[in-house]
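Q: fold the following for me, if possible:
(one chain, ligands or ions: 2)
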Amino acid sequence: MGETAKSRYAETYAQWRADPIAFWGAAAKAIDWTTPATAVFDAEAGVYGRWFPGATCNTCYNAVDRHVAAGRGDQAALIFDSPVTGAKRTLTYAELQHEVSVLGAVLQDLGVAKGDRVLVYMPMVPEAIIGMLACARIGAIHSVVFGGFAAKELATRIEDAEPKVVLAASCGIEPNRVVPYKPLLDLAISMSAVKPEKCLLLQRPEGVGNLTEGRDLDWNEACNDARHAGKAAPCVDVAATDPLYILYTSGTTGKPKGVVRDNGGHMVALSWTMENLYGIKPGEVFWAASDIGWVVGHSYIVYAPLLAGCTTLVYEGKPVGTPDPGAFWRVIEEHKVVALFTAPTALRAIKKEDPDCTFKQGRDMSHFRTLFLAGERADPDTVQWAEDQLGVPVVDHWWQTETGWAIAANPVGLGLLPVKLGSPTVPMPGFDVQVVDEAAKPVPAGTMGSIVVKLPLPPGCLPTLWQQDGRFRESYLEAYPGFYSTSDAGFLDDDGYVFVMGRTDDIINVAGHRLSTGGMEEVIASHPDVAECAVIGVKDALKGEVPCGFVVLKAGERRPHEVIEKELVGLVRDRIGPVAAFKLAVTVNRLPKTRSGKILRGTMKKIADHDEWAMPATIDDPTVLDEIEGVLKTRGMG
Ligand code: COA
Ligand code: AMP
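A: Residues are numbered from 1 along each chain as shown. Ligands and ions are numbered 1, 2, ... in the order given. Model (predicted):
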């Protein structure tokens, strides 16, 4: 689907290549700056250079206030639709400005000032977005933690970000249960060496939390008091290079990486994408069916649609089961959504329950123009199915928490390029994407290798990791000098289309969620009966991949394997969280290793996935693989 002739992609990409400074300088005109930048880019600043040095600005002003000033006050800024509670609510830009100013004042009264961190642990409710914007308004740095993480993960983030205040809700709501957040938060704070001074708790009627004396305040009471006292925080000027937020993402160990996003470059990049990539006009309704705990939520539920003067949809529900596989089509019809952004796994879930899309019948989706997919590789079957059922272009695009926006996409706003199933299409301006071998040499078209991006990264990408320039260099810049390593493997074809086939590290993608198998191994290895273990991601028809843990028990362990395996499943759920979807631990006698002692995870994965595999030349004892295959067969795998 799509027309090549009319696309302005090639000329736009060429313009960027010819003069990146002029390109991003022009894009920056979409933003209201308090003080203009002294330069578009300073190659000497930061780890690899910084965008818009010398400029001052405020992200909340650009996302909210300026639209009110420009006459959009009565337009819906945010539509909340929560099938799990039955709640629906619309906030206009003027109402959003009021709510954000009041909460900003509450935070300031709690002592939060420019540069202070505020941790947000909340489900998909409007107050979570108000909280993020209130931080942006007063120059504080928010760090949102996804609700599906366990207390231990929350504690790790509290220790690293050192938040002065926590914004939390009493509970989240999953289709099958209410998840009490408050006890998890209390446990996390008790585990953490760093103690936030105050917590503001949004009490939800589905599950009220206890307020800890001296530390916790009721959100609504605090805001009502501030409102009655006529308090409203003005927008505080920050440097374009100051952090807007920290978002933790899985690294190769249990310690997550604190991805830093700045204010200025982030606004410029996201504004550019709304028009040119997504093809969205101010006033239109844009829906990213993700969660604010993920980067997609930060960029495309909160900041980009609001920066562009659109209406953003905040959905508290699932693609299926809330109440049925027609939920997405109902929301698109009811709220006049023009574009939906979701993960392929959500479509696979719908397809599984309603393969003929009967739940779409009778729905008026005539205003719906485009479906965007990201978060994991969009398998051709799912893309084709969605295109057939919806009759609109289905645009796969590839990005990472680190980049904050798409590295490769099919730019709807510039004019669609022909779709090649299995490819997120072409690099976006700002990204010089190359595929290299282990010696950092470019490989020919069609050859698999490591995907890298020539430095500098464009505006909006991470300038560093929170207070860890060294780890930033080591994780991303050292393997291929002069390039940012994406840790994704793939190839470029003869037309310059990018194909992203998988990770080169131990990160797995479970239902569009990024998880570290190394982190899971750390948890499993801490069990007293486990001698050693290996976690791999195995193919799953719904979630793409699910983790599977192979464990060798300590000699002399006499308890039944099944009991210990159950304990391990519980342990990962308790320490990392339900989002890890760790449901399978398999006891084996030995793990396959190379002669130098490296566990052959790749071969184990191939066996579990029914892929063709060859005996690794370096294997120490080939019979171990037969044992693994045998054990997997007894579990219906391999
Ligand atoms: N708070 C608490 N628990 C949560 C949670 C949250 N915010 N989000 C998910 N969980 C829990 C789920 O309840 C589930 O628990 P369970 O093991 O008790 O059933 C577990 O974490 C795994 O959740 P999930 O991976 O979401 O699986 P699911 O079976 O509940 O739903 C899909 C499957 C495909 C419908 C769902 O994964 C989905 O909608 N994915 C879209 C992913 C997405 O939007 N990614 C963002 C990138 S764009
Ligand atoms: P996250 O940082 O959680 O957004 O996860 C980023 C990772 O998800 C990438 O490094 C890829 O491995 C994978 N990913 C995201 N989008 C795509 C896509 N469109 N195609 C292939 N892989 C993707």
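Q: the helix or strand containing residue 60: what's the following helix or strand?
A: According to DSSP states H and E, residue 60 maps onto helix 59-60. Per DSSP H and E, the first helix or strand lying C-terminal to helix 59-60 is helix 66-67.
Q: what is the helix holding residue 60 packed up against?
A: Judged by 3 or more C-beta pairs under 8 Å, 6 or more residues apart in numbering; DSSP states H and E, helix 59-60 is in contact with helix 126-138. Bear in mind the C-beta positions are built from the backbone N, C-alpha and C, glycine included.
Q: now check the next helix or strand after the helix it packs on, is it near ligand 2?
A: Where DSSP H and E defines the elements, the next helix or strand beyond helix 126-138 is strand 141-144. No. Figure legend: strand 141-144 not in contact with ligand 2 (C-beta under 6 Å from any ligand atom); closest approach 13.4 Å.
Q: just give me the neighbour total for the residue nearest to residue 57 when sequence neighbours are not counted.
A: Spatial nearest neighbour of residue 57, excluding adjacent residues (C-beta to C-beta, 6 or more residues apart in numbering): residue 33 at 5.0 Å. Using other C-beta atoms under 10 Å, residue 33 has 20 other residues around it.
Q: ok, residues contacting the longest helix along the chain?
A: Counting residues, the longest helix in the chain under DSSP state H turns out to be helix 93-109. Applying C-beta atoms under 8 Å, 6 or more residues apart in numbering, the contact partners of helix 93-109 are 60, 64-65, 67-68, 72-78, 91, 118, 130-131, 133-135, 137-138, 140, 165, 200, 222-223, 226-227, 231-234.
Q: average model confidence for stretch 268-285?
A: For stretch 268-285, the mean pLDDT works out to 98.
Q: that one: which residues count as buried?
A: 268-280, 282, 284-285 (16 or more other C-beta atoms under 10 Å).
Q: what about these, which are in helices?
A: The helices, defined by DSSP H, take in 268-276 from the buried residues of stretch 268-285.
Q: now, which of those residues sits nearest residue 410?
A: For residue 410, the nearest member of these is residue 276. The distance, counting by C-beta to C-beta, is 11.6 Å.
Q: hang on, the earlier thing: helix, strand or coil for the residue nearest to residue 57?
A: Here residue 33 is recorded as coil under DSSP: H, G, I helix; E, B strand; the rest coil.
Q: gap between the worst-scoring helix or strand of the chain on mean pLDDT and the chain center?
A: Ranked by mean pLDDT, DSSP states H and E, the helix or strand of the chain with the weakest confidence is helix 623-634, at a mean of 90. How far helix 623-634 lies from its chain's middle: 36 Å, per C-alpha atoms, centre = their mean, to the nearest Å.
Q: who's in contact with residue 351?
A: Shown in contact with residue 351 (C-beta under 8 Å, 6+ apart): 382, 385.
Q: the residue lying farthest from the centre of the chain in helix, strand or coil?
A: Distance to the chain centre peaks in the chain at residue 556, reaching 43.3 Å (criterion: C-alpha atoms, centre = their mean). Three-state call for residue 556 (three-state DSSP): coil.
Q: quick check: phi and psi at it.
A: Per-residue torsions, residue 556: phi 90, psi -10 (degrees, to the nearest 10).
Q: what distance do you get for it to residue 507?
A: For residue 556, the distance to residue 507 equals 35 Å [C-beta to C-beta, to the nearest Å].
Q: what's the burial count for the closest residue to residue 256 other than its chain neighbours?
A: What sits nearest to residue 256 in space, not counting adjacent residues and going by C-beta to C-beta, 6+ apart, is residue 248, at 3.9 Å. When neighbours are counted by other C-beta under 10 Å, residue 248 registers 25.
Q: what helix or strand is residue 248 located in?
A: strand 243-249.
Q: I'd like the average pLDDT over the helix or strand just after that strand.
A: Helices and strands here follow DSSP H and E; after strand 243-249, the next one along the chain is strand 257-262. In this model, strand 257-262 has a mean pLDDT of 98.
Q: contacts for strand 257-262?
A: Contacts of strand 257-262 (C-beta under 8 Å, 6+ apart): 50-51, 143, 160-161, 240-251, 295, 298, 401-402, 404, 460, 462-468, 471, 475.
Q: of those residues, just the buried ones, ChimeraX syntax please.
A: Selection command for ChimeraX covering only the buried members of those, criterion 16+ other C-beta under 10 Å:
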select :50,51,143,160,161,240,241,242,243,244,245,246,247,248,249,250,251,295,298,401,402,404,460,462,463,464,465,466,468,471,475
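Q: closest one to residue 417 out of the buried residues of stretch 268-285, please.
A: Among the buried residues of stretch 268-285, residue 277 lies closest to residue 417 (C-beta to C-beta), at 12.0 Å.
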